[in-house]
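Peer 1: predicted model, plus sequence, below.
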Amino acid sequence: MAGAIWCVVEDDRKGTPKKVMAEVLGEAVRLGGAIEAVWLTDKATDDGLQQLAAWGATKVWLLENAGLAPYRGETWVPPLAELAAKESPKAILAPVTSRMREFMARLAARLGVGLAADSVSLAMDGDKLVATRPVYAGKLLSKVTWAKQPWIATLRPNVFKPAEAQAGKTAQVERVSATIPAAQMKLVERREEAATGLPELTEAEIVISGGRGMKGPENYVILEEMGAVIGAAVGASRAAVDAGWRPHRFQIGQTGRTISPKLYLGFGVSGAIQHLAGMRTSKVIVAINKDPEAPIFKIADYGIVADLFEVVPELTKEFKRLLEK
Amino acid sequence: MKILVAIKQVPDTATQVKISSDPKAIDTAGITWIVSPYDEFAVEEALRIKEKRGQGEVVAVTLGPDRAKEALRSALAMGCDRAIHVNDPALAGADTLTTARALAAVVKQESPQLVLCGRQAIDDDAGAVGAQLAEVLGWPCASWIMEEAVDADAKNIRAGRQVEGGLEIFDIPLPAVLSAQKGLNEPRYPTLKGIMGAKKKEIKDVKAADLGLASTTPELSITALEALPARAPGRIIPGELKDAVKELVRSLREDAKAI
C-alpha cells in the first residue's frame, strides 16, 4: 500500500531522540513498508539523526526551527499538518509523552481523522490497521479502527518491542522549510521538580510502589534507596497520595498514572481495583504485604506475606549483592 | 467572565466493568455513575475563578444519554449556574473528534472566554477531547494544568502544565481551553442547599441538528471490547524471611529475567 508510516520523534529537548523511539520505530518496522521519522525541534544533532536511522528510519523529515521550542500545539500542528497533506503518510505514530499526547490529538483534529490514544498493540486486518487500547484504566481492552488515513496513534511506553540499533544504517535527511506560526502562548518559566535521581514513573522499566502500609511520608526513603540500587521509579497508591504522603504525580492507578513496567514491586499496597487498573499490565508483579488476603496477591507473580519494613532492607541488600557481581 | 466546563459521566472507579451481550459496549446494569474525577477538578476551578472575580457565569456541558443529566445535576449542585445536555442517539458512537466538534458548536453558541475540562475521562481514557476542541476552535490550549490565574481584565490566563520532570508556566491569551490534572484543587462537596437549588436550575437539551453538525460519523470506531488476558497464577514464597527474599531475587533473575 502506498504511503509511509511516520514516527514522530520525542526527544530530550537537547537534540537526542528518547529511547522510547526505538519502540515506536520497532513497531513501525514490524508493520512494514516505508518507515520515516518526522522530527520537530529547535535543534537536532547528527548523532540524533544517526540514531533514528539505526532504529530503522530510512528517511527523516526534519523541521528544525527556533520557533518550535517550547512545544505549543499552535506552532507544531500547522507545519506537520501541511507536510502530511502533501506527503500522504498512511499512519502517524508517536509515543505517549506529555506533549505528544496533546500534539497528536490536535493533529488528528486538524486532519479530520481518528486518534487511537495510548495503544498497546497494532495489527493489520486486511488493509486496515486495528489498534488495541486499554479503557477503564486497563480493566478492559478496546479494539479500534479508522474511517480513513492517516491512522494516528500514540503508543504506550514499555509495551512495544524496541528496534535493535543497527550501526552503519543511514537515512536520507529531508529538511522541511515550513512556516511556523507566531505563538500566542508565551513561556514564563519552567519549574523543575526536585531531582530524585530516579527515572520517571511512566518511562521506568522497574517501578516500586508504596501503599498505605508505608505508614507515613518519612518511610519512602527506604524505597528510594532500593530504587537507586535497581534503577527504579518510586510511585504510590491513591491511599498514600490522598493521605498527603506523596505528591500526585507519583500516584499509580485509575486517577493517576497507568504504568506497564517490566517489573512492579508493591510494598504495603493492598490492591484496590483502581490501583490494579493502573499497573496490572506490568510484566512481572511482586507483592509484599502483611495481609495474606490483600487482593494484590491475586494478580502477583511472586508474593511474600511479611512486614515490608523487614523485607525492604533485606531485599535492597540482596539486589545490591546481585547487581554488584 | 463566562466559563464553560465540559464534563462526562463515567462508571465509578470501584466498578468491575463487564462487557455486555453487544461486544462493543459495557454492561451498564448495576453501575454507579459519577462525574469523571478530573472533570470535577475543572468544575471546581471554574467556580473558584467566578468566586474570586465576584461575578461571571459557569455553564456545565455534557454529551451523553438521558442518565448523563445526573452528572449535570451534580455540577449544578456544586455551583454551576446552568447546564447544556447534548443528548442525541446519533452521537452515541461519538469518538473524541466528533465529541470535540459537538462541543465546539456549543462553544460557538455560548461564546465563553474560557473552557475547562478534565485531562481525560476515566472510561475511554483517550485524553484527547480538550486538545481537539481547541484545535477545532483554533484556540490555544494547555493540557494537564496544575495551577492557573486569570488576570484582572480577563484577557489572559497564566497556567502551569505538567510535563515530565516539572511544570511549564505559560501566559495564554483568552479565549483558551485548559484541561485539569489532579492536584489543581480539592473539589467541594455539594451542600444540601446546593443540591436543592440545582433542581431549579436550567438544563437545556440540545440535538445534533441544533448544533449544525455536518456529520456525526465517527473517525475512530470500536470493533470489539475484550477482557484482559488472565494472568498466570503466581506463588507465595514461604519460609524464613531471609530465605524468602533470596528466593525472590533468584526467581526474578533466573525465572522471570526481570532484573
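Peer 2: Okay, I see it.

Peer 1: what is the neighbour count of the nearest residue to B:D125 once chain neighbours are set aside?
Peer 2: Spatial nearest neighbour of B:D125, excluding adjacent residues (C-beta to C-beta, 6 or more residues apart in numbering or on different chains): A:V135 at 5.5 Å. Any C-beta I mention is one placed from the backbone N, CA and C, and that applies to glycine too. Residues lying near A:V135 (other C-beta atoms under 10 Å in any protein chain shown) number 21.

Peer 1: against A:R106, how distant is A:V135?
Peer 2: Applying C-beta to C-beta, to the nearest Å, the value for A:V135 to A:R106 is 22 Å.

Peer 1: so A:W76 sits against A:A105, correct?
Peer 2: No - counting by C-beta atoms under 8 Å, A:W76 does not reach A:A105; the two are 11.7 Å apart.

Peer 1: which one's more surrounded, the two?
Peer 2: Taking other C-beta under 10 Å, A:W76 and A:A105 do not tie; A:A105 has more neighbours (31 against 24).

Peer 1: so what's that one up against?
Peer 2: By C-beta atoms under 8 Å, 6 or more residues apart in numbering or on different chains, A:A105 lies in contact with A:L115, A:A117, B:T96, B:A126, B:G127, B:A128, B:V129, B:G130, B:A131, B:Q132, B:E135.

Peer 1: what secondary structure does it sit in?
Peer 2: helix (DSSP: H, G, I helix; E, B strand; the rest coil).

Peer 1: just the pLDDT for it.
Peer 2: A:A105 carries a pLDDT value of 98.

Peer 1: tell me where the stretch 51-200 of chain B has helices.
Peer 2: B:69-78, B:96-110, B:129-137, B:192-198 (DSSP state H, counting those that start in this stretch).

Peer 1: bridging residues for A:P134?
Peer 2: A:L141 (DSSP bridges).

Peer 1: I'd guessed it sits against A:L140; true?
Peer 2: Yes - counting by C-beta under 8 Å, A:P134 touches A:L140, with 7.4 Å between them.

Peer 1: neighbour count: these two, which is higher?
Peer 2: A direct count of neighbours by other C-beta under 10 Å for A:P134 and A:L140 places A:P134 higher, at 23 against 19.

Peer 1: tell me the helices and strands packed up against the helix or strand that A:W76 is a member of.
Peer 2: Counting by DSSP states H and E, the element that carries A:W76 is helix A:73-87. With contacts taken as 3 or more C-beta pairs under 8 Å, 6 or more residues apart in numbering or on different chains; DSSP states H and E, helix A:73-87 sits against strand A:35-41, strand A:59-64, helix A:98-111, helix B:129-137.

Peer 1: which other helices and strands contact the helix or strand that it is followed by?
Peer 2: Remark: after helix A:73-87, the chain's next helix or strand is strand A:91-95, criterion DSSP H and E. In terms of contacts (3+ C-beta pairs under 8 Å, 6+ apart), strand A:91-95 is packed against strand A:5-8, helix A:20-31, helix A:98-111, strand A:151-155.

Peer 1: can you tell me the strand partners of strand A:91-95 and which way each runs?
Peer 2: strand A:5-8 (parallel), strand A:151-155 (parallel).

Peer 1: ok, B:S111 - how many residues close by?
Peer 2: Going by other C-beta under 10 Å, the residues that sit close to B:S111 add up to 9.

Peer 1: and residue 63, how many residues sit next to it?
Peer 2: In the absence of a named chain, this looks at chain A. Neighbour tally, A:L63, other C-beta under 10 Å: 22.

Peer 1: wrong one, I was asking about chain B
Peer 2: Neighbour tally, B:L63, other C-beta under 10 Å: 26.

Peer 1: format the contacts of A:A105 as TSV; extra columns: distance to A:A163 and neighbour count.
Peer 2: Shown next, in TSV, are these (distance: C-beta to C-beta, whole Å; neighbours: other C-beta atoms under 10 Å in any protein chain shown):
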residue	distance to A:A163	neighbour count
A:L115	24	32
A:A117	22	25
B:T96	29	28
B:A126	27	24
B:G127	27	25
B:A128	27	34
B:V129	32	29
B:G130	32	31
B:A131	29	29
B:Q132	30	29
B:E135	31	27
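
Peer 1: what about the strands in the stretch 101-250 of chain B?
Peer 2: B:114-118, B:141-150, B:156-163, B:166-173, B:176-180, B:203-206, B:220-227, B:235-236 (DSSP state E, counting those that start in this stretch).

Peer 1: from the contact counts, what lies against the shortest one?
Peer 2: Under the contact criterion of 3+ C-beta pairs under 8 Å, 6+ apart, strand B:235-236 touches strand A:302-305.

Peer 1: who touches the strand it packs on?
Peer 2: Strand A:302-305 is contacted from outside by A:284-292, A:296-297, A:311, B:234-237, B:241, B:244-245, B:248, B:251-252, B:256, using C-beta under 8 Å, 6+ apart.

Peer 1: low-confidence ranges in chain A?
Peer 2: Along chain A, segments meeting pLDDT under 70 span A:1.

Peer 1: just tell me which of the strands paired with strand A:91-95 ends up closest to B:E70.
Peer 2: For these, the distance to B:E70 is smallest for strand A:151-155, at 31.6 Å, taking C-beta to C-beta.

Peer 1: between helix A:98-111 and the closest one, find me the angle.
Peer 2: Angle of strand A:151-155 versus helix A:98-111, following axes from the mean of the first three to the mean of the last three C-alpha atoms, to 10 degrees, is 170 degrees.

Peer 1: still on that earlier bit, export the helices and strands packed on helix A:73-87 to TSV and tack on distance to A:C7?
Peer 2: Shown next, in TSV, are these (distance: least, C-beta to C-beta, whole Å):
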stretch	distance to A:C7
strand A:35-41	5
strand A:59-64	10
helix A:98-111	11
helix B:129-137	20
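
Peer 1: please identify the most buried of the ones you listed.
Peer 2: helix B:129-137 (a mean of 27; mean count of other C-beta atoms under 10 Å in any protein chain shown).

Peer 1: can that helix be found next to chain A?
Peer 2: Yes - using C-beta under 8 Å from any C-beta of the partner chain, helix B:129-137 reaches chain A at B:V129, B:G130, B:A131, B:Q132, B:A134, B:E135, B:V136.

Peer 1: which elements pack onto that helix?
Peer 2: So helix B:129-137, by 3+ C-beta pairs under 8 Å, 6+ apart, packs with helix A:73-87, helix A:98-111, strand B:2-7, helix B:96-110, strand B:114-118, strand B:141-150, strand B:176-180.

Peer 1: now with 6 Å?
Peer 2: Contacts defined by 3 or more C-beta pairs under 6 Å, 6 or more residues apart in numbering or on different chains; DSSP states H and E place helix B:129-137 against helix A:98-111, helix B:96-110, strand B:176-180.

Peer 1: returning to what we had before: let me know whether the residue nearest to B:D125 touches A:S142 as I believe.
Peer 2: Yes - counting by C-beta atoms under 6 Å, A:V135 does reach A:S142; the two are 4.6 Å apart.

Peer 1: could you measure from B:A104 over to A:G26?
Peer 2: In terms of C-beta to C-beta, B:A104 sits 37 Å off from A:G26.

Peer 1: my error: substitute B:A6 in the last question.
Peer 2: For B:A6, the distance to A:G26 equals 36 Å [C-beta to C-beta].

Peer 1: and those two? Which one has more around it.
Peer 2: The residue with more neighbours, out of B:A6 and A:G26, is B:A6; 29 against 18, by other C-beta under 10 Å.

Peer 1: surely the more buried one meets B:V61?
Peer 2: Yes - contact criterion C-beta under 6 Å: B:A6 and B:V61 qualify, at 5.4 Å.

Peer 1: re the thing from before, any idea which of the helices and strands packed on helix A:73-87 gets closest to B:A214?
Peer 2: Using C-beta to C-beta, the nearest of the helices and strands packed on helix A:73-87 to B:A214 is helix B:129-137, at 12.1 Å.

Peer 1: fine by me, we can end here.
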